[in-house]
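Trainee: Here you go, sequence then predicted model.
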Amino acid sequence: MGIEIIGIGSYLPEKILTNAELEKMVATSDEWITTRTGIKERRIAKDMEATSDLAIQSAKRALKKANITPEEIDAIIVATITPDMFFPSTACFIQKEIGAKNAAAFDISAACSGFIYGLAIAKSFINSDTYKTVMVIGAEKLSSITDWTDRNICVLLGDGAGSVILRKTNSTSDILSTYLGADGNYGDLLLIPGGGSRNPATHKTVDARLHYMKMEGNKIFKIAVRAMADSAKKAIELAGITCNDVKLIIPHQANIRIIEAVAKQLDVPMDKVFLNIQKYGNTSAATTPIALEEAIYEGKVKKGDIVVLVAFGGGLTWGATAIKL
Ligand code: UT7
């Protein structure tokens, strides 16, 4: 018995923020953003929209594709660093709105690697017969933690959500492998310093802009390349396949130069690597499910093909999974 993705859906807010518009907000240029990151535009949620609102849209689309009722969902796992609130979990808001009244629901925090961490948990739930049908969601409203005066970070991020529904199957489909890693020694390279129990919200923390994401991008760059390439290799090895068996690599979309360097280390041509960074930028945990949905929708992969999802993010965390669709 394997595990099949019986439904997948994504949701991107309508509002597009272009590089040209960012030029009017901070000291940057379309030329810098394009050549250093590959990003041309990103989507931004409405002020009143929360992460769960984006996730609910993607979850409803996944349910429609799967052609199942919400009551059939046994668990909802939401990967996010931009929960609606500290608690209750964003997963519980989603559970209520989609009517998944029989589902356990919880959030996980593994930043950009969160969706792959979520898939690994779902695989364990299903293989241990704990649950039959599990929904995994990567959803972010990164615009809510973006310092729009900090050019080092505001040009990189966007909002979006992607959901998959997994179920045990007799078909050849399977999550062939998952590989996860972390190194907390590098935690201070990418973080939100304020608002948690370490630095509870005060006028002082707000005035110091501690509730926004901070990143030491160039220190992360090299670690990201090595961790993503190693993770993808590990997932391929654990699946008992070779790179030649993989139809498409779907990497986290943080920087086109990171993706190109990873492809080089894996010795795969760029036409075997999925890219949508130009349209959406980095949407953290939402990036890989959105990209997987697009790759399927665009016909780049079909049933029976093997894809490798690989991600890297705050924590630092990383992970990869080989999936036979
Ligand atoms: O989501 C997963 C975790 N995050 C990542 O994986 C991100 C990894 N890092 C990166 O993608 C890249 O390091 C960045 C895109 C963040 C930055 O690119 P970089 O080539 O590493 O640039 P840098 O930080 O070394 O900065 C080079 C220059 C600096 O100017 P000086 O000091 O050389 O005069 C920056 O101040 O570029 C400047 N700069 C900008 N200039 C125009 C930084 N941001 C901008 C900007 N527009 N938006």
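Mentor: Everything's here; your move. Numbering: from 1, shown residues only.
Trainee: Ala201 contacts His211, doesn't it?
Mentor: Yes: under the criterion of CB atoms under 8 Å, Ala201 makes contact with His211 at 7.1 Å. Where C-beta positions appear, they are placed from N, C-alpha and C, glycine not excepted.
Trainee: Output stretch 63-73 as CSV, nothing but the C-alphas.
Mentor: What follows is stretch 63-73, C-alpha atoms only, in CSV (Å, rounded to 0.1, in the frame of the first residue of the first chain):
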residue,chain,number,x,y,z
LEU,A,63,-11.3,19.0,-1.5
LYS,A,64,-13.0,19.6,-4.8
LYS,A,65,-10.2,17.9,-6.8
ALA,A,66,-10.2,14.9,-4.3
ASN,A,67,-14.0,14.7,-4.7
ILE,A,68,-14.4,13.9,-1.0
THR,A,69,-16.5,15.5,1.8
PRO,A,70,-14.7,17.5,4.5
GLU,A,71,-16.0,15.0,7.1
GLU,A,72,-13.7,12.4,5.6
ILE,A,73,-10.6,14.4,6.6
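Trainee: What's the mean pLDDT across that stretch?
Mentor: Across stretch 63-73, the average pLDDT comes to 98.
Trainee: buried stuff in that stretch?
Mentor: Buried residues in stretch 63-73, defined by neighbour count with 16 or more other CB atoms under 10 Å: 63, 65-66, 68, 70, 72-73.
Trainee: Looking at those residues, which is nearest Ser124?
Mentor: Comparing the buried residues of stretch 63-73 against Ser124 with CB to CB places Ile73 closest, at 16.9 Å.
Trainee: Now intersect the buried residues of stretch 63-73 with the helices, please.
Mentor: Of the buried residues of stretch 63-73, the ones assigned to helices by DSSP state H are 63, 65-66.
Trainee: which one of the residues you listed sits closest to Ala103?
Mentor: So of those, ranked by how close each gets to Ala103 (CB to CB), first place is Leu63, at 11.7 Å.
Trainee: Spit out the contact partners of that closest one.
Mentor: Counting by CB atoms under 8 Å, 6 or more residues apart in numbering, Leu63 touches 7, 9, 69-70, 98, 165.
Trainee: how far away is it from Thr133?
Mentor: Distance, Leu63 to Thr133, using CB to CB, to the nearest Å: 11 Å.
Trainee: so what sits against both of those two?
Mentor: Counting by CB under 8 Å, 6+ apart, the residues touching both Leu63 and Thr133 are Ile165.
Trainee: Export the contacts of Leu63 as JSON lines, with columns for distance to the ligand.
Mentor: Below are the contacts of Leu63 laid out as JSON lines (distance: CB to the nearest ligand atom, whole Å):
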{"residue": "Gly7", "distance to the ligand": "26"}
{"residue": "Gly9", "distance to the ligand": "23"}
{"residue": "Thr69", "distance to the ligand": "35"}
{"residue": "Pro70", "distance to the ligand": "31"}
{"residue": "Ile98", "distance to the ligand": "28"}
{"residue": "Ile165", "distance to the ligand": "26"}
